[in-house]
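1. I would like to see how this sequence folds:
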Amino acid sequence: MMLVRAFLVQSFYVPSASMEPAIRPGDRILVDKTVGADDLRRGDVVVFDGTRSFAVADRTPAQAQGLVGRALGGAASLFGIDLGEQDFVKRIVGLPGDHVVCCDAQGRLSVNGTPVDESYLPAGTRPSDTTFDVTVPAGRLWLMGDNRSNSADSRAHLGDPGGGMVRTSDVVGRASATYWPLNRLGEFATPPALSSIPAAEGTR
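-> Here you go, the predicted model:
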């Protein structure tokens, strides 16, 4: 069981609302850790280690302290909740080479010149209150939360080293399904509006 968890799939507890409505606070999700950089697709929901990109530089990861803390940390790890790790969950909007812009004259996000129908966002949500025009470097990703007004994602780190991009090597895996609570049981769908966008010229 532990080998399966370590090498194939891992469960994560999601405490925030940044990926609503796809993932809600309190959801537990399964993450496929066999996915490599070449397997990642636009629209995938991924869990990644944000230590080098999203975590605040002077922030010390929370560590379980004392006997009770260590016991809780051990129990949490058993269920796939790794206390103290800087893990984040976001959706891939830009792959290496992609040109991602927001917003156009109609207030839409576009990728490689193609406007994106983001009907997967919460009702009434704007694509972004922050304007940006970025080209994703090789080996990096542009990631955004679906709940745009409540997500500190690549946009929030435009001024940081790396410009808000996340290394493909920092991706832990692709989220495949919600398994708890039971009334939320289901697989994640990739929005066709993102998956159907042609690759940037000169890339795969």
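
2. separation between Arg167 and Ala17?
-> Using C-beta to C-beta, to the nearest Å, Arg167 is found at 26 Å from Ala17. Quick note: C-beta positions are derived from backbone N, CA and C, even for glycine.

3. for the nearest residue to Thr114 once chain neighbours are set aside, what are its contacts?
-> Distances taken as C-beta to C-beta, 6 or more residues apart in numbering put Ile197 closest to Thr114, at 5.0 Å, once the chain neighbours are dropped. Residues near Ile197 by C-beta atoms under 8 Å, 6 or more residues apart in numbering: 42, 111-112, 114, 116.

4. Any of these buried? List them.
-> 42, 111-112, 116 (16 or more other C-beta atoms under 10 Å).

5. center of this structure, which residue is that?
-> Residue closest to the average C-alpha location in the chain (C-alpha atoms, centre = their mean): Lys90, at 1.8 Å.

6. Quickly list what that residue is bridged to.
-> Val46 (DSSP bridges).

7. Spatially nearest residue to Trp142, not counting backbone neighbours?
-> Per C-beta to C-beta, 6+ apart, closest to Trp142 is Gly94, 3.1 Å.

8. Against Met144, how distant is Ser128?
-> 8 Å.

9. Now the common contact residues for those two.
-> Arg155.

10. remind me, longest strand of this protein?
-> Ranked by residue count, the top strand of the chain under DSSP state E comes out as strand 171-180.

11. which secondary structure elements does it contact?
-> The elements that strand 171-180 packs onto, with contact taken as 3 or more C-beta pairs under 8 Å, 6 or more residues apart in numbering; DSSP states H and E, are strand 9-13, strand 28-32, strand 45-49, strand 186-187.
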